[in-house]
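In: sequence unknown, structure follows:
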């Protein structure tokens, strides 16, 4: 009885393994295609590069007076320092 179950178990495990590998390869292909589509401008331009994602280098953010965290901390520290200097 045990000898009859072993081949069935091996066939079942191999089918699951084949399905897992198929799904993994499909997912890997989708991620590769997405990466290529995201970087197509960089690949096609001679000196292509991503635009800066830094808040301080965005023209729209500067027009609204929004700075990066480090700049805001520095400004707040300088304001606090100026206020304490005035109290002396």
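Out: Looks like it came in fine. Just so it is clear, the model here is predicted, and its values are computed rather than measured. Numbering: from 1, shown residues only.
In: do you know the pLDDT at the residue sitting nearest the centre point of the chain?
Out: Computing the C-alpha centroid of the chain and ranking residues by C-alpha atoms, centre = their mean puts residue 35 first, at 11.0 Å. For residue 35, the model assigns a pLDDT of 89.
In: distance-wise, check it relative to residue 61.
Out: Between residue 35 and residue 61 the distance is 27 Å, computed by C-beta to C-beta, to the nearest Å. Using the backbone N, CA and C atoms, a C-beta is placed for each residue, glycine as well.
In: ok, the spatially closest residue to residue 36 that is not a sequence neighbour - how many residues close by?
Out: With C-beta to C-beta, 6 or more residues apart in numbering as the criterion, residue 36 has its nearest non-adjacent residue at 7.5 Å, and that residue is residue 43. By other C-beta atoms under 10 Å, the residues close to residue 43 number 8.
In: so how far is residue 71 from residue 43?
Out: Distance, residue 43 to residue 71, by C-beta to C-beta: 33 Å.
In: in this protein, which spans are helices?
Out: Under the criterion DSSP state H, the chain contains helices at 2-38, 40-44, 59-64, 69-87.
In: ranking those by mean pLDDT, which is last?
Out: helix 69-87 (a mean of 71).
In: could you list the domains of the protein?
Out: Domain ranges of the chain: 1-50, 51-88, per automatic domain parsing.
In: what would the helices of the chain look like in a markdown table with distance to residue 53?
Out: Converted to a markdown table, the helices of the chain look like this (distance: least, C-beta to C-beta, whole Å):
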| stretch | distance to residue 53 |
| --- | --- |
| helix 2-38 | 13 |
| helix 40-44 | 14 |
| helix 59-64 | 11 |
| helix 69-87 | 14 |
